[in-house]
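J.: fold the following for me, if possible:
(chains A and B)
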Amino acid sequence: EPEVTQTPSHQVTQMGQEVILRCVPISNHLYFYWYRQILGQKVEFLVSFYNNEISEKSEIFDDQFSVERPDGSNFTLKIRSTKLEDSAMYFCASSGTQETQYFGPGTRLLVL
Amino acid sequence: KQEVTQIPAALSVPEGENLVLNCSFTDSAIYNLQWFRQDPGKGLTSLLLIQSSQREQTSGRLNASLDKSSGRSTLYIAASQPGDSATYLCAVRTASGGSYIPTFGRGTSLIVHP
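T.: This is a model prediction of the structure:
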């Protein structure tokens, strides 16, 4: 069964550094998403991406964040100048329409 | 702003019980509602998706209902099993001003003991 994959599974970085989180969505899906979940908190929407552009973003997704689909398979989230409060689990998801979303296993980011 | 509340926050039951998990939302102008399960330290697994025009969806031992007018959805789990132990999340996509940003509840943590 097709699934969303994410790399790395864990990432430790120093405050102020840039990180790139990678995702491979399900191959025939058209909509891509990033979410984050701070430990013990709700899952929060960050951004949705369709037709090579951002379709929606939340208040969290400020200039520190960017997304890119550099080729036909990868979907990346870049976090510039990381802060301690960026420590969270980051989930990528994809869907074939604006319907059922399929989530990846997540990348656990720890900013020291 | 949409707010999603899930009750109870935690539930511990013996195997075989039928369960009802509740999700309430404040803005009834929803696009759809999706139930997920999340195992510790893992991603989310989609269980059921209900469109705003639907009243319920069923998959195996799971049944989800939607009552937009009262701002509620319930997830019914029949004949619970230890393998059902997980956190169950409700996510509501609100159709407001062209935005479909999903809002998640905090989840119901379920333990089914043998």
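J.: who are the neighbours in contact with the residue nearest to residue A:73 when sequence neighbours are not counted?
T.: Nearest residue to residue A:73, sequence neighbours excluded (Cβ to Cβ, 6 or more residues apart in numbering or on different chains): residue A:24, at 5.4 Å. Backbone N, C-alpha and C define where each C-beta goes, glycine included. If you count contacts by Cβ atoms under 8 Å, 6 or more residues apart in numbering or on different chains, residue A:24 has them with A:4-6, A:73-75.
J.: how close does residue B:59 get to residue A:29?
T.: Distance, residue B:59 to residue A:29, using Cβ to Cβ, to the nearest Å: 21 Å.
J.: for the two, indicate the residue with more neighbours.
T.: Higher neighbour count among residue B:59 and residue A:29: residue A:29, with 17 against 12, using other Cβ atoms under 10 Å in any protein chain shown.
J.: give the burial count for residue B:20, as a bare number.
T.: The burial count for residue B:20: 13, using other Cβ under 10 Å.
J.: my read: it touches residue B:76, true?
T.: Yes - Residue B:20 is within contact range of residue B:76, at 5.6 Å (criterion: Cβ atoms under 8 Å).
J.: what residues does chain A have near chain B?
T.: Contacts of chain A with chain B, taken as Cβ under 8 Å from any Cβ of the partner chain, map to A:4, A:41-45, A:48, A:56, A:58, A:91, A:93, A:98-106.
J.: now, of these, which are buried?
T.: A:4, A:42-45, A:48, A:56, A:58, A:91, A:93, A:101-106 (16 or more other Cβ atoms under 10 Å in any protein chain shown).
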